[in-house]
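>>> Sequence and predicted structure, then a few things I'm wondering about:
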Amino acid sequence: MKIIGVLGAGIMGNGIAQASAIAGYDVILYDIDQKFIDRGLGEIKKSLTRMVKKDKLSESDIPEILGRITSSLDLNDFKPSDLIIEAIPENIALKKETYNKLDSICSAKCIFASNTSAISITDLASKLPEKRQKRFIGLHFFNPVSMMKLVEVIRGERTSDSTCDESLAYCKKIGKETVIINDLPGFATTRLVSAVINEGVYMLQDGLGSPEEIDKAIKLGLAHPMGPLFLADLIGLDTILHILDYLKDELGVKFQAAPLLRKMVRAGKLGRKSGEGFYEY
């Protein structure tokens with residue numbers, strides 16, 4: 001495995017591209033608009049500079065790492081890829097359409113991996129030929145990729161042993177720890193954190209306390225690095241709502257989104273990215 005394709009230059013995609021380039025892989029970073037690519041490359045440069053300040057890299061490493069990353073606006077440029085990691089919005093139809101296009105471009109040996117945080121890997125691969133389904137897997141990275149050590153590895157119904165082994169080897173080479181998870185909606189981490197965040201919103205809605213008090217209680221009482229409402233703002237309230245709606249459809253009413261969460265999303269209060277959520281930024 002030499003060439004890694006990364007589909008999407010957003011916060012997850014540029015982090016995956018950076019980790020791959022640091023590990024010595026050649027990377028093709030794709031997005032639909034040059035402004036997204038430019039923004040993603042800018043974030044990579046900032047991150048590498050921070051790593052130099054923390055003595056994790058030398059200044060001379062930066063040009064070499066950036067030189068391994070090639071940007072693209074054309075899916076056909078993914079043709080030589082050995083592994084393609086998809087990190088586009090959590091839209092099932094969009095993902096499946098993209099995989100279908102890539103199937104006609106990429107070699108049979110190329111692994112397709114989704115960075116989805118919740119959607120069934122078997123479902124995402126279901127419209128592809130059976131041979132491609134064997135080369136399809138979930139690789140769920142965590143934000144920020146440069147700091148978070150875990151990758152959830154999710155096997156679909158048809159994912160082959162060799163695909164899993166090669167994916168695990170890639171994760172090890174980029175310095176990540178892995179857990180192999182069965183293909184159920186939400187996997188392990190998203191399923192649990194979505195429930196915790198949703199309950200935090202219900203607590204706020206019920207008047208249990210302010211966002212600050214609820215988050216402080218969870219941080220200091222349960223030793224969480226951040227409270228559920230602050231975390232929701234960081235992830236994006238629209239993203240949390242989308243995941244909860246999906247999990248409710250798949251797993252039942254215990255994932256019914258708090259009405260307050262839906263109201264805030266409708267009002268455009270999406271968290272840090274919009275400047276206002278449970279906190280103001």
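Now that the structure is in, tell me what you want to look at.

>>> can I see the domain layout of the protein?
3-182, 194-272 (automatic domain parsing).

>>> is it possible to export the ones you listed to JSON lines including mean neighbour count?
In short, each C-beta sits where N, CA and C put it, glycine included. Formatted as JSON lines, the domains of the chain follow (neighbours: other C-beta atoms under 10 Å):
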{"stretch": "domain 3-182", "mean neighbour count": "18"}
{"stretch": "domain 194-272", "mean neighbour count": "17"}
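
>>> now those domains in a markdown table, with distance to Y279 and mean pLDDT?
A markdown table is the format used below for those (distance: least, C-beta to C-beta, whole Å; pLDDT from 0 to 100):
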| stretch | distance to Y279 | mean pLDDT |
| --- | --- | --- |
| domain 3-182 | 18 | 96 |
| domain 194-272 | 6 | 96 |
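
>>> Format those as TSV; extra columns: distance to A188.
Listed next are these as TSV, based on distance: least, C-beta to C-beta, whole Å:
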stretch	distance to A188
domain 3-182	5
domain 194-272	11
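
>>> Of all these, which one comes closest to E280?
Closest to E280 of the domains of the chain, according to C-beta to C-beta: domain 194-272, at 9.6 Å.

>>> quick one: the helices in the stretch 101-250 of the chain?
For the stretch 101-250 of the chain, the helices defined by DSSP state H, counting those that start in this stretch cover 121-125, 130-134, 161-173, 189-205, 211-222, 228-235, 237-251.

>>> So which of those helices is nearest S58?
Closest among these, using C-beta to C-beta: helix 161-173, at 20.2 Å.

>>> Going by contacts, tell me the helices and strands next to the closest one.
If you count contacts as 3 or more C-beta pairs under 8 Å, 6 or more residues apart in numbering; DSSP states H and E, helix 161-173 packs onto strand 83-86, strand 111-114, strand 136-140, strand 150-155, strand 177-182.

>>> So what angle separates the directions of it and strand 150-155?
Between the axes of helix 161-173 and strand 150-155, defined by axes from the mean of the first three to the mean of the last three C-alpha atoms, to 10 degrees, the angle is 170 degrees.

>>> what does helix 161-173 rub up against?
1, 4, 23-25, 83, 111, 113, 134-137, 139, 151, 153, 155, 177-178, 180 (C-beta atoms under 8 Å, 6 or more residues apart in numbering).

>>> Mind doing that once more with 6 Å?
A23, I111, R135, I137, V151, R155, T178 (C-beta atoms under 6 Å, 6 or more residues apart in numbering).

>>> Over to stretch 121-131?
K95, K96, Y99, D103, S114, Q133, F136, G138, I154, G156, E157, D183.

>>> what about dumping the CA coordinates of that stretch to CSV?
The C-alpha trace of stretch 121-131 is given here as CSV (Å, rounded to 0.1, in the frame of the first residue of the first chain):
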residue,chain,number,x,y,z
ILE,A,121,-21.0,-0.3,6.4
THR,A,122,-23.0,-3.2,4.9
ASP,A,123,-25.7,-0.7,3.8
LEU,A,124,-23.1,1.7,2.3
ALA,A,125,-21.5,-1.2,0.2
SER,A,126,-24.8,-2.8,-0.7
LYS,A,127,-25.1,-1.4,-4.3
LEU,A,128,-21.6,-2.3,-5.3
PRO,A,129,-20.5,-5.6,-7.0
GLU,A,130,-19.8,-8.4,-4.6
LYS,A,131,-16.1,-8.3,-5.2
